[in-house]
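Chemist: The amino acid sequence is not available; the structure is as follows:
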């Protein structure tokens, strides 16, 4: 014998059969949207950090250094595509905006790279992380470089003037070390 269910039970059954797939589908769509959004945010983070870094360098650091007797460098960096700065033609300063641009705090720092563009032997006293390490160039040669992380923002406080002073101080320190060694004499 077939027993009929009351009308309200049928509608509950139909609704629950309908709601369960819809809920599952809705949850699935929400997950896809979150995954897509996360992918877009991480991609945009790199781009926005790079744009912000370029803007702060072009708008503050380069003009500040140009006021301190720096000038555009004629030497092209083997990796960094932007133009560099120099006081004398011995040591050249470049800003690396791509290293670490995918970090969440990538809008608070960048890397300054001091390049000594000569493939000559340096004395041991000028080698190492405190002074110079090598960077390969074509033809099996190498240049010498020193890298410094420049943190110009700590949370909400900006340290632009202090960072500019540090960049210049480090340039002068490295240049002095090169001049005090016999390296500069080898270039003549």
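Modeler: Structure's in. What do you need? Remember, it's a predicted structure, so these values are computed and weren't measured experimentally.

Chemist: Residue 90 - how many residues pack around it?
Modeler: Neighbourhood size, residue 90 [other Cβ atoms under 10 Å]: 16. (Glycine included, C-beta is placed from N, CA and C.)

Chemist: Contact partners for it?
Modeler: For residue 90, the contact set (Cβ atoms under 8 Å, 6 or more residues apart in numbering) comprises 116, 175, 178, 179, 184, 187.

Chemist: what's the distance between the fourth one and residue 172?
Modeler: Spelled out, it's residue 179. Here the criterion is Cβ to Cβ, to the nearest Å. By it, residue 179 lies 10 Å from residue 172.

Chemist: Residues in contact with the longest strand seen in the chain: which ones?
Modeler: Secondary structure assigned by DSSP state E gives strand 141-151 as the longest strand of the chain. Strand 141-151 is contacted by residues 78, 96, 108-119, 122, 126, 131-137, 159, 163, 166-167, 170, 174 when judged by Cβ under 8 Å, 6+ apart.

Chemist: Just the helices from this protein, written as ranges.
Modeler: Along the chain, counting by DSSP state H, helices occupy 7-56, 62-67, 160-180, 183-186.

Chemist: who touches the last one?
Modeler: Put plainly, it is helix 183-186. Helix 183-186 has contacts (Cβ under 8 Å, 6+ apart) with 90, 116, 118, 120, 122, 123, 126, 178.

Chemist: ditto for stretch 171-180
Modeler: 87, 88, 90, 91, 93, 114, 116, 126, 131, 132, 146, 184.

Chemist: burial measure for the last one, as a count.
Modeler: By the criterion of other Cβ under 10 Å, residue 184 has 15 neighbours.

Chemist: Next one: it relative to residue 177, how far apart?
Modeler: Distance from residue 184 to residue 177, by Cβ to Cβ: 10 Å.

Chemist: With the third one instead?
Modeler: The gap separating residue 90 from residue 177 is 11 Å, by Cβ to Cβ.

Chemist: now the first one
Modeler: Look at residue 87 and residue 177: by Cβ to Cβ, they are 14 Å apart.

Chemist: Can you give me the end-to-end span of stretch 145-162?
Modeler: In stretch 145-162, first residue to last residue: 22 Å (Cα to Cα, to the nearest Å).

Chemist: Tell me the buried residues within the contacts of residue 90.
Modeler: The neighbour-count test (16 or more other Cβ atoms under 10 Å) marks 116, 175, 178 as buried among the contacts of residue 90.

Chemist: Any chance of TSV for those, columns pLDDT and distance to residue 153?
Modeler: What follows is the buried ones among the contacts of residue 90, written out as TSV (pLDDT from 0 to 100; distance: Cβ to Cβ, whole Å):
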residue	pLDDT	distance to residue 153
116	95	29
175	95	27
178	94	31
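
Chemist: possible to save those residues as a markdown table with distance to residue 57?
Modeler: A markdown table is the format used below for the buried ones among the contacts of residue 90 (distance: Cβ to Cβ, whole Å):
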| residue | distance to residue 57 |
| --- | --- |
| 116 | 21 |
| 175 | 21 |
| 178 | 24 |
